[in-house]
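Q: no FASTA, just this:
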């Protein structure tokens, strides 16, 4: 039978679609060589990156500086300094790794100690070297760097917090950092937040920032923060490096309580590759310089609004870390509902989000929900095959112990071509739920991690 | 201007030509050619494969047949049948996945029931479809297949064990199997073990066999078995598909006790990708046809020798599964000693063996022991940075909380170029130990799992 014009058009459209898909795969296959370890030539930006670094509000009482110290990278800034005005409350959360870095132990000790009345504080961070598993030399390096900052800024070293990120097990050439501290101190400025965010990047392909503001009693409260992180992302009680600043007036203990309460739904709800870093750190500083009244009661409407806003900034930064997951081409939300317990919901969500087989199927745009079934099965959580319901987006794919009668492979495959995917799993057993965020597992992850020591 | 029919045809032709060209380029760009999903063209053999399938002894009382039933693959055998003589003791171990396949539930129920006095038994296995998460239709398929075997061989269906391996969630076209059962039954032969081993392969690149023999009281006892497995390998109390046969005389309960005791050091000590299958099954059958006396006491010298020999065959097959790990180019032994508890030793070993960052570093021949440190740190086991000792082969790389003064990057890198690597971790805290076996994580794993539904 002769083809009509319409037949031909539809055929051409189909061919065009296939061509597009093939082109994409070819592009992936002909991937440009991996990022130079020197960082002199930045890697191609993640396809999931936001359009630009957001405009962040200036937080009264916070100043930033960044500099190229040549710790490991050349031709880019790799150290940043933050000065926090007198009276700033500082709180934090850190990796629970048993091999955590010297700077993590140091931050934890300093946060446990009571700060002198009205003390200021500072944060100094380098990229390129994690100063982790560096024995006694690790603490020496921390003491030298924080001591240099203390002298330059005229504050006790007990109020100078430090982080290091990069390769593990190599001695930190800290003299390169201390030599630059005077220049850093001399160039501090309230508007330098983006430069600071860039200085702490390692395999990150974009700088990550987020902000929020709420109306307090008598004035506006501002929050602004930034993060780095791309690989070795499966945070445990904290994550990567994250620094958040606010002008809120709030006691350190209350600030700590808020961030501890927001961790489970933000940084502890993401995973790139199931590997937890030795150096994860989240530090939140509240300068108290807003004209709004002190947040003395966390149950007040301002207290609750502040916690929600801070949690929102934390979640925003956490999602950006996933969007910059090494090699990521898809952003995936795994929503588990109907679990018997919170622990079960968490186990199922993480089991699916960390499954290499699920993650490679997503990379291949294969609606392989069978691998989701296997990941649920291995999670150790209570699950009943006949009560499970698995959906991709709004499409229910499987329920009652089998794929749905209306299962449409073509529609499912078309869904997988999207860049933002939602995998929903209802266990049908209870009321506990958990949502986690992850990305796919691609050739580029192997390139980044097999070809260079990062 | 409106397009004419001819315009469209020319456009489609052009698109088709571009598509063809692109397809060719893509094929070239995708490094080593990927395995044909139909199985008609076998994938390149793993570089870690043994030289050949071993010569296995004939086990008296065991016959094998294999056939191409077209369950999913074309142009290759995909169903195998084993007949076990009257009086055979059968024992097994199975996945603990909560989404395990219908055939697993069926095997477990049949093994719990007491076998009729002097009953024979049979095992039928298909590749290409796992019959997992297929609802009530799953058990129907199992009943049809085991029923057909029972009729053909004249034994109760309660003594016919079945396994299915392949894609999850698609209905098993069991009529294709039952149609071939008479032919399978007619071609059973004691020498057919290698053909049977080949029929159950999926993404495997080589068939896996192993054997052992010991002198019993009054005669020789033979053991021969085979396995399949390549991806979705992180067994939990059993593994993949494994069938082991022996002519030993031994009661089913004693046989079960032996295999349960050998699991932790064999199949539960391997991981390819941390993903546990819905279909893992190990079945061991003892025909009792050796002239050696019955093994009535497991503590006797014969009892202990038999357990050691059977354990040796299990470990040999387990290691072969790792050697055929999807995309594997390195075989890696992770030895943990000095742990406070067995649980801690296991946690550390599996944390290192499953770490994508450790596995990609190995693929890249990068002596990145810092990632081993991070994997130990995240494991949840008790560890003390200053007591850890990490060695690659005979080279101690790190101890006393830092890399050793004699650390030689060049020597460490040279070691990584080997195909067989040993990573030793002494926690320096207690006496518990655990050794696990794994492989590296390469581009080919992504090729295999992103590009095809397996």
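A: On my side now, so go ahead. Quick caveat, the model's predicted, so the values are computed rather than measured. Numbering: from 1, shown residues only, chains lettered A, B, ... in the order given.
Q: Enumerate every residue touching the nearest residue to residue A:266 once chain neighbours are set aside.
A: Excluding the flanking residues, the one nearest residue A:266 by Cβ to Cβ, 6 or more residues apart in numbering or on different chains is residue A:314, at 3.8 Å. Yep, even glycine has a C-beta here, placed from its N, CA and C like the rest. Residue A:314 is in contact with A:225, A:242, A:244, A:259, A:262-263, A:266-267, A:282, counting by Cβ atoms under 8 Å, 6 or more residues apart in numbering or on different chains.
Q: repeat that for 7 Å
A: A:262, A:266-267 (Cβ atoms under 7 Å, 6 or more residues apart in numbering or on different chains).
Q: swap in residue A:328?
A: A:46, A:48, A:439-440.
Q: One more pass at 8 Å, please.
A: By Cβ under 8 Å, 6+ apart, the neighbours of residue A:328 are A:46-48, A:272, A:322, A:439-440, A:442.
Q: contact partners of stretch A:382-394?
A: With Cβ under 8 Å, 6+ apart, stretch A:382-394 has contacts from A:338-340, A:344, A:348, A:367, A:369, A:372-373, A:376-377, A:396-401, A:412, A:415-416, A:418, A:421-429, B:98-99, B:133, B:135.
Q: ok, now how distant is the residue nearest to residue A:266 from residue B:397?
A: 37 Å (Cβ to Cβ, to the nearest Å).
Q: Kindly report the same for residue A:392.
A: Per Cβ to Cβ, residue A:392 is found 45 Å from residue B:397.
Q: Next: residue A:130.
A: Distance, residue A:130 to residue B:397, using Cβ to Cβ: 17 Å.
Q: Comparing those two, which residue is more hemmed in?
A: residue A:130 (31 against 26; other Cβ atoms under 10 Å in any protein chain shown).
Q: That one and residue A:165 touch, don't they?
A: Yes. At 5.6 Å, residue A:130 counts as touching residue A:165 under the criterion of Cβ atoms under 8 Å.
Q: Overlap in contacts, the two.
A: By Cβ under 8 Å, 6+ apart, the residues touching both residue A:130 and residue A:165 are A:277, A:279.
Q: unless I'm mixing things up, residue A:334 is touching residue A:433, no?
A: No. Counting by Cβ under 8 Å, residue A:334 sits too far from residue A:433 to count as a contact (11.1 Å).
Q: Those two: which has the busier surroundings?
A: residue A:334 (26 against 17).
Q: Other residues contacting the host helix or strand of that one?
A: Using DSSP states H and E, residue A:334 sits in strand A:331-339. Strand A:331-339 is touched from outside by A:48, A:319, A:322-323, A:345, A:348-349, A:352-353, A:362, A:381-382, A:387, A:419-440, with contacts defined as Cβ under 8 Å, 6+ apart.
Q: Narrow those residues to just the buried residues.
A: The neighbour-count criterion (16 or more other Cβ atoms under 10 Å in any protein chain shown) marks A:48, A:319, A:322-323, A:345, A:348-349, A:352-353, A:362, A:381, A:421-429, A:432-434, A:436-440 among the contacts of strand A:331-339 as buried.
Q: In strands, which of the residues you listed fall?
A: Secondary structure from DSSP state E places A:421-426, A:432-434, A:436-439 of the buried ones among the contacts of strand A:331-339 in strands.
Q: Mind pulling up the pLDDT for residue A:54?
A: According to the prediction, residue A:54 has pLDDT 92.
Q: no wait, residue A:118
A: pLDDT, residue A:118: 85.
Q: Could you give the number of residues near it?
A: Neighbours of residue A:118 under the rule other Cβ under 10 Å: 9.
Q: OK, contacts around it?
A: Applying Cβ under 8 Å, 6+ apart to residue A:118 gives the contacts A:86-87.
Q: what about it, which SS state?
A: coil (DSSP: H, G, I helix; E, B strand; the rest coil).
Q: Please report how far it lies from residue A:153.
A: To residue A:153, residue A:118 is 15 Å away according to Cβ to Cβ.
Q: And for residue A:307?
A: For residue A:307, the distance to residue A:153 equals 30 Å [Cβ to Cβ].
Q: cool, residue A:116 as well?
A: Relative to residue A:153, residue A:116 is positioned 14 Å away (Cβ to Cβ).
Q: And residue A:260, by the same measure?
A: Distance from residue A:260 to residue A:153, by Cβ to Cβ: 28 Å.
Q: Please say which of these two ends up with more neighbours.
A: The neighbour comparison of residue A:260 against residue A:153 (other Cβ under 10 Å) goes to residue A:153, with 20 against 14.
Q: tell me the pLDDT at the more buried one?
A: What the model reports as pLDDT for residue A:153 is 97.
Q: Could you double-check that it sits in contact with residue A:85?
A: No. Under the criterion of Cβ under 8 Å, residue A:153 makes no contact with residue A:85, lying 11.1 Å away.
Q: list the residues that contact both of those two?
A: Here residue A:153 and residue A:85 have residue A:120 as joint contacts, going by Cβ under 8 Å, 6+ apart.
Q: tell me which parts of the stretch 301-450 of chain A are close to chain B?
A: A:354-357, A:360-361, A:363-364, A:366, A:368-371, A:373-379, A:381-386, A:388, A:398, A:400-403, A:441-443, A:445-446, A:449-450 (Cβ under 8 Å from any Cβ of the partner chain).
Q: Show me which of these are buried.
A: A:354-357, A:360-361, A:363-364, A:366, A:368-371, A:373-379, A:381, A:383, A:385, A:388, A:398, A:401-403, A:441-443, A:445-446, A:449-450.
Q: Narrow those residues to those in strands?
A: Filtering these for strands - DSSP E - leaves A:398, A:402-403.
Q: How confident is the prediction for the residue in the stretch 201-350 of chain A that chain B sits nearest to, by pLDDT?
A: Going by Cβ to the nearest Cβ, chain B is nearest to residue A:276 of the stretch 201-350 of chain A, at 3.6 Å. We note a pLDDT of 76 for residue A:276 in this prediction.
Q: Look at it and say how many residues are nearby.
A: Using other Cβ under 10 Å, residue A:276 has 29 neighbouring residues.
Q: Just give the nearest non-adjacent residue to it, would you?
A: Among residues not flanking residue A:276 along the chain, residue B:378 sits closest, at 3.6 Å (Cβ to Cβ, 6+ apart).
Q: Enumerate every residue touching that neighbour.
A: A:97, A:234, A:236, A:275-276, B:351.
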